[in-house]
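Novice: My questions concern the predicted model and sequence given below.
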Amino acid sequence: MKKTLKIISKMVRSLSERTIVSLIYLCGVSSIIFVFSIFFFVFREGAPFLRDCFNFKDFFMSPEWFPTSVANKRYGILAPLAGTLSVTLIAMLIAVPFSLGTAIFIAEFCGKKTRETVKIVVELLAAIPSVVWGFIGLMVMNPLIVRFTGAPIGLNALNAGIIVGLMSVPIITSIAEDAIRAVPDTYIEAAEALGATRWQTIYKVILPAAKNGLLAAVLLGVGRAIGETMATLMATGHSINIPFTNVFPYFHPLDSVRTLTATIAAEMGEAPRLAPDLAGNFPPEARHYQALFVIGILLFIITFIINITADLIVKGIKQKKT
Amino acid sequence: MKNISGSKGSKGALAYFAVIISGLMLAGCGGTKQSHESKLVIATSGSDTMVNLAQMWAEAYLQVNSNVIIEVAGGGTSVGIRDLSQGVVTIANASREMEASEIEQIKQKTGKTPVEFIVAYDALAVYANKNNPVDTLALSDLAGIYAEDGQIDKWSLLGINMQALGANDEIVRVSRQNSSGTYAYFREKVLLKKDFKMGSNDMSGSKDVVELVGKTVGAIGYSGMGYHTDAVKFVKIAGQKGEPGFEPSIENVTTKKYPLARSLLMFTLGEPDPATKAYIDWILSPAGQEIVKQTGYIPANAVTK
């Protein structure tokens, strides 16, 4: 009797153990399933466009985006591509020095108490919803930029770049800090033993030793900046315009631009999803929706490449260490 | 032996999961049903221009018939028409006529013909910042500013000196996203179906256009006349260059002097059911049309067809 009870309790325990293990397994696998099904869905919606009317030159090299034109529908994404590039460029110009400085400060200079405070505040920065950032761009930055630069409108690449830059500070900071802290203490001790000053230690020893991790941090920040939607929709001015020209100064951050993500967000809601006729041909109005999904595929590929690269770089460091 | 108990374990987990999920779903259903149990819901969606008006009607109608709840959503005319064809809504609000292709699609999908009701008139207003000295623009000036081949990109080309205001000479064109009914109307009536010049600031809502113009000295934008605020002013519109311009107002629309007036419409699938019919009749009654006036639009009966 006692023996059977013991066996039963053992079986129950092992059963509940296995239940939980399989649940956790399910959760782990689910993210893979989600990623693949999202990609499948996005690709399926965009596929008819890729099959019937995709032309590399017209799609990537033309700024003419007129998906609802009456006479001549055109699907060129050069302008939003340039817009995304310009916003990301400005964002990184602002975010990288700020975040690396913060990371160095947190990891090497400050005491424990300050470190905790700064870390919490930086993480708080990440907790601000993007629509609030967009609102700041719209209401605060817009008049400031007009006043200080004399630009006709304050909703432009500079505005969105500053906003998105601040948004990517937390992610870059926290990964960069990890990378800096992962530099073995022996390196620093050796530098100090050789009589290096603190700045020399950071500049000549810590930063070179942590450079892969820092690069990964910046790449993830770039991914964040490219993917940002709501804040760029509100702060860029949402205008089809290429801010790069061949006259000095080549790049005009005070031009209104439009990003790839914002184009999808603004137009997807009203672009009709239409079925093909019996012969399998889509009506011309159906192409707008499909073209937006092709932009989605493009974004997916860009962020995928960036994240994979960052991941490989981080993995590289870990392998070196062990 | 080990293997068998393993597979049992995962099956058990799945069953457990299923029970939890179905429990959650049941609870969810019960909640929504109860709140609408005895009331009839008429869902409407569509034109962003009409959202404020539709919301006012919906609220006022609650006083008239408390057994009917009117749900109002915006999204744009195209969204409303799409929702109507998918049976998501009973009424589609539209700030433009339905296109032949859309009517055809609805007929194919549902077998019914959409029925049109003119519920109000709106003047598409052209707004400028209140500090901007611009007074009158001809339709051809607007086309020059907005159309793809238009040459007007500086206020000085219109004889307006922005430097006196300390503002940039460049005209900031504020427009709408390319699937909006207002965008399509402007393209048809002002640009004569030509495309817009690239580089306009494309806002996602009627109100956003007016707000941006109110904040930007050198901006010009178009939106419903009901969205006027203190930060902007109406630009008078002349049919031809050299003719006198007219402000969007009830009087100028009813006398057909203002060139950019349009009808605001509601569409139903086939003849509306009694409850919907009662609602639309009430909208067309003096009580409903009084709300049209209050929101800054023009009553349907004011304009002689």
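Specialist: Ah, there it is. Numbering: from 1, shown residues only, chains lettered A, B, ... in the order given.
Novice: Spatially nearest residue to whatever residue of the stretch 201-322 of chain A ends up closest to chain B (excluding sequence neighbours)?
Specialist: Nearest to chain B, among the residues of the stretch 201-322 of chain A, is residue A:270, at 3.5 Å (C-beta to the nearest C-beta). For glycine as for every other residue, the C-beta is placed from the backbone atoms N, C-alpha and C. Nearest non-adjacent residue to residue A:270, counting by C-beta to C-beta, 6 or more residues apart in numbering or on different chains: residue B:179, 3.5 Å away.
Novice: from memory the one you found sits against residue A:268, does it?
Specialist: No. Counting by C-beta atoms under 8 Å, residue B:179 does not reach residue A:268; the two are 9.5 Å apart.
Novice: Looking at those two, which one has more neighbours?
Specialist: Taking neighbours as other C-beta atoms under 10 Å in any protein chain shown, residue B:179 and residue A:268 compare with residue B:179 leading, 22 against 16.
Novice: sec struct for the more buried one, please.
Specialist: Each residue gets one of three states, and residue B:179 gets coil by DSSP: H, G, I helix; E, B strand; the rest coil.
Novice: I'd say residue B:185 and residue B:97 touch.
Specialist: No. Between residue B:185 and residue B:97 there is no contact under C-beta under 8 Å: 9.3 Å.
Novice: Of the two, which one has the most company?
Specialist: Counted by other C-beta under 10 Å, residue B:185 and residue B:97 do not tie: residue B:185 has more neighbours, with 21 against 18.
Novice: Okay, now the sheet partners of the strand ranked longest in chain B, with direction.
Specialist: Counting residues, the longest strand in chain B under DSSP state E turns out to be strand B:114-129. Strand pairing for strand B:114-129, using DSSP bridges, gives strand B:219-224 (antiparallel), strand B:232-234 (antiparallel), strand B:261-269 (antiparallel), strand B:298-299 (antiparallel).
Novice: Could you list the paired strands of the helix or strand following that strand along with their orientation?
Specialist: Using DSSP states H and E, the next helix or strand after strand B:114-129 towards the C-terminus is strand B:136-138. Sheet pairing of strand B:136-138 (DSSP bridges) gives strand B:236-238 (parallel).
Novice: Isn't residue A:166 up against residue A:95?
Specialist: Yes. Under the criterion of C-beta under 8 Å, residue A:166 makes contact with residue A:95 at 7.2 Å.
Novice: got a list of what residue B:54 touches?
Specialist: Applying C-beta atoms under 8 Å, 6 or more residues apart in numbering or on different chains to residue B:54 gives the contacts B:44, B:70, B:72, B:93.
Novice: Most neighbours among those, please name it.
Specialist: Counting by other C-beta under 10 Å, top hit in the contacts of residue B:54: residue B:93 with 31 neighbours.
Novice: wait, doesn't it sit right on residue B:46?
Specialist: Yes. Between residue B:93 and residue B:46 there is a contact under C-beta under 8 Å: 3.5 Å.
Novice: which residues do the two both contact?
Specialist: Common neighbours of residue B:93 and residue B:46 (criterion: C-beta under 8 Å, 6+ apart): B:77, B:80.
Novice: Show me how far the strand or helix carrying residue A:208 is from its chain's centre.
Specialist: Using DSSP H and E, the element containing residue A:208 is helix A:207-209. Distance, stretch centre to chain centre, for helix A:207-209: 25 Å (C-alpha atoms, centre = their mean, to the nearest Å).
Novice: again, but for stretch B:162-177
Specialist: Distance of stretch B:162-177 from its chain centroid, counting by C-alpha atoms, centre = their mean, is 25 Å.
Novice: now stretch A:14-23
Specialist: That offset, for stretch A:14-23, works out to 37 Å (C-alpha atoms, centre = their mean).
Novice: ditto for stretch B:47-56
Specialist: Using C-alpha atoms, centre = their mean, the offset of stretch B:47-56 from its chain centre is 7 Å.
Novice: So what would you say the end-to-end distance of it is?
Specialist: One end of stretch B:47-56 to the other measures 14 Å (C-alpha to C-alpha, to the nearest Å).
Novice: likewise stretch B:206-225?
Specialist: End-to-end distance for stretch B:206-225, by C-alpha to C-alpha: 10 Å.
Novice: ok, how many other residues are close to the residue nearest to residue B:258 when sequence neighbours are not counted?
Specialist: Counting by C-beta to C-beta, 6+ apart, the nearest residue to residue B:258 once its immediate chain neighbours are dropped is residue B:252, at 4.1 Å. The tally of other residues near residue B:252 (other C-beta under 10 Å) stands at 19.
Novice: which element is residue B:252 on?
Specialist: Residue B:252 is part of helix B:250-254 when elements are defined by DSSP H and E.
Novice: Show me what that helix is packed up against.
Specialist: Counting contacts by 3 or more C-beta pairs under 8 Å, 6 or more residues apart in numbering or on different chains; DSSP states H and E, helix B:250-254 is packed against strand B:114-129, strand B:298-299.
Novice: weakest of the ones you listed by average pLDDT?
Specialist: Per-stretch mean pLDDT for the helices and strands packed on helix B:250-254 is lowest at strand B:298-299 (a mean of 86).
Novice: Can you tell me what sits against that one?
Specialist: With C-beta under 8 Å, 6+ apart as the test, strand B:298-299 has contacts from B:120-123, B:250, B:253-254, B:261, B:289, B:292-293.
Novice: now that strand, how far from the centre of its chain.
Specialist: In terms of C-alpha atoms, centre = their mean, the centre of strand B:298-299 is found 16 Å from the chain centre.
Novice: Nearest residue to residue 210 in space, please, no chain neighbours.
Specialist: With no chain named, the answer covers chain A. Spatial nearest neighbour of residue A:210, excluding adjacent residues (C-beta to C-beta, 6+ apart): residue A:179 at 4.3 Å.
Novice: wrong one, chain B
Specialist: Spatially, and ignoring its direct neighbours in sequence, residue B:210 is nearest to residue B:227 (4.5 Å; C-beta to C-beta, 6+ apart).
Novice: Pretty sure residue A:289 sits against residue A:48.
Specialist: No. Judged on C-beta under 8 Å, residue A:289 makes no contact with residue A:48 at a distance of 9.6 Å.
Novice: Just read off the phi/psi values of residue B:179.
Specialist: The phi and psi torsions at residue B:179 (degrees, to the nearest 10) take the values phi -110, psi 10.
Novice: between residue A:166 and residue A:95, who's got more neighbours?
Specialist: residue A:95 (28 against 18).
Novice: ok, the more buried one - contacts?
Specialist: Listed by C-beta under 8 Å, 6+ apart, the contact set of residue A:95 reads A:165-166, A:168-169, A:172, A:221, A:225.
Novice: same question, residue A:252
Specialist: Applying C-beta under 8 Å, 6+ apart to residue A:252 gives the contacts A:157, A:243-245.
Novice: And residue B:192, by the same measure?
Specialist: residue B:143.
Novice: quick one: it is in a helix?
Specialist: No. Residue B:192 is assigned coil when assessed by three-state DSSP, not a helix.
Novice: pLDDT score for it?
Specialist: We have a pLDDT of 88 for residue B:192.
Novice: For it, which phi and psi angles does the backbone take?
Specialist: For residue B:192, the backbone dihedrals (degrees, to the nearest 10) come out as phi 50, psi 50.
Novice: can you check residue A:194 too?
Specialist: Torsion angles at residue A:194 (phi, psi; degrees, to the nearest 10) stand at phi -80, psi 0.
Novice: mind showing which ranges of the stretch 1-150 of chain B have poor pLDDT?
Specialist: The model of the stretch 1-150 of chain B has pLDDT under 70 over residues B:1-38.
Novice: Quick one: the helices in it, in order.
Specialist: Secondary structure of the stretch 1-150 of chain B by DSSP state H, counting those that start in this stretch: the helices cover B:2-35, B:51-64, B:77-85, B:100-110, B:139-146.
Novice: Run through the residues of the stretch 151-300 of chain B sitting next to chain A.
Specialist: B:167-168, B:170, B:172, B:177-180, B:183-184, B:187, B:193-196, B:198-204, B:212, B:215-216, B:218-219 (C-beta under 8 Å from any C-beta of the partner chain).
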